[in-house]
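Novice: need coordinates for the below:
(2 chains)
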Amino acid sequence: MKILVIDDSRFQVNQITKLLNKHGFETQHANNGKVALETLNSENFKAILCDLLMPEMDGFVFLETVKKENINIPVIILSSNIQKAARDRCKELGAKHFLSKPLTDEQIENHLKPILKEETGQTA
Amino acid sequence: MNEKLSLTPIQEDTLTEILNLGVGGAANVLNQMSEEYIEIQVPSLHLLTKEEIKKHAGNDLSSLSIVQLEFNSIINGSASLILSTESAVKLASILQDEEIDQNAPEAEWAETITEVGNIVVNSIMGAVANTFEKEISYLTPQYYRKSILKLFEDENSKNDEIVFLLAEMQFNIKVHSVEAKVIIIFSTDSFTNLITQLDGVYSQSA
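Specialist: A predicted model of the protein is given here:
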């Protein structure tokens, strides 16, 4: 099962990739929302983990675009931004969850895996 | 404190408490990332003129690792995570889980420190935004090697405003002798907004 990780920090990408691989997921990385949109056409991703603050296309614009273009892949925001206003905006834009960095085993178990089960039609 | 612009003791206490929340959140995130106990200190606030801010920096010209995020909206300014290069390399070693030589090129560790700065500043400013029930926008974090004095001089040159509100917070990982400081500089153009927000928070809690 392949997850697209959108983040401009190599450090974060390394940490997130290691953890997702540990849980048995494959990953692909995009440096920002714009690159991610190009990547989406070439692969079959089951979920997207997306940062908010990125150059060229940030997480908010990425969410807007995903919504506008009816891209049917669940997007989970993984950000250092802890503001309630940002969280609310992401939810309005269609984010499935808003998680605080750093990504943890608990977040994968409690938020990512249930979404993937829904997407693949498995029962929890 | 400046004679023209000042914080009342209640406003100062309110802001210190909000920043304390943010510092606690930042320490929690750093603890999760490093799996080490993070020692923190109560934030200290200073309201300084352009001249005073230079004096505050002293004559220390030592080159430091600085991650700066500029923010705007209801309040404008910048927040910087500041570490000696020695502390920065040690912290990156802990987080990257690999031994990094003190003389290693910045490319091996600066990006990790930039992300730490991003996370710490977001925790602190996020607490401010959540308390004010407003959204604060950030520019992407920038990594610099410069002295505190140069940091303040650069802030001065960016801005014609005459007063800076400095909030200083200290983070330590004692066992690894890692020391980091966060300095937030609020510029005067948003000072009135800041006071209004602080008064609003206090009147709600009173």
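Novice: list phi and psi for residue A:96.
Specialist: When read as degrees, to the nearest 10, the backbone of residue A:96 gives phi -70, psi -40.
Novice: shouldn't it be in contact with residue A:74?
Specialist: Yes: Residue A:96 lies in contact with residue A:74 (CB atoms under 8 Å); the separation is 4.5 Å. Glycine gets a C-beta too; all of them are placed from N, C-alpha and C.
Novice: name the residues contacting each of the two.
Specialist: Counting by CB atoms under 8 Å, 6 or more residues apart in numbering or on different chains, the common neighbours of residue A:96 and residue A:74 are residue A:115.
Novice: residues contacting residue 95?
Specialist: Just going to use chain A. So residue A:95 contacts A:50, A:63, A:75, A:76, A:77 (CB under 8 Å, 6+ apart).
Novice: um, chain B though
Specialist: A:11, B:33, B:34, B:112, B:116 are the contacts of residue B:95 under CB under 8 Å, 6+ apart.
Novice: and the fourth one, how far from residue B:47?
Specialist: To residue B:47, residue B:112 is 34 Å away according to CB to CB, to the nearest Å.
Novice: before we move on, back to that, of the contacts of residue A:95, closest to chain B?
Specialist: Lowest distance from chain B to those (CB to the nearest CB) belongs to residue A:77, with 13.0 Å.
Novice: just say helix, strand or coil for that closest one.
Specialist: Following DSSP: H, G, I helix; E, B strand; the rest coil, residue A:77 is assigned to strand.
Novice: next: residue B:169.
Specialist: strand.
Novice: ok, what's across the strand from it?
Specialist: Using DSSP bridges, the bridge partners assigned to residue B:169 are residue B:182.
Novice: right, and it touches residue B:124 too?
Specialist: Yes: assessed by CB under 8 Å, residue B:169 is found in contact with residue B:124 at 7.2 Å.
Novice: higher neighbour count, the two?
Specialist: residue B:124 (27 against 24; other CB atoms under 10 Å in any protein chain shown).
Novice: name the nearest residue to the more buried one, sequence neighbours excluded.
Specialist: residue B:22 (3.4 Å; CB to CB, 6 or more residues apart in numbering or on different chains).
Novice: next: residue A:34.
Specialist: residue A:57 is the one closest to residue A:34 (CB to CB, 6+ apart), at 4.1 Å.
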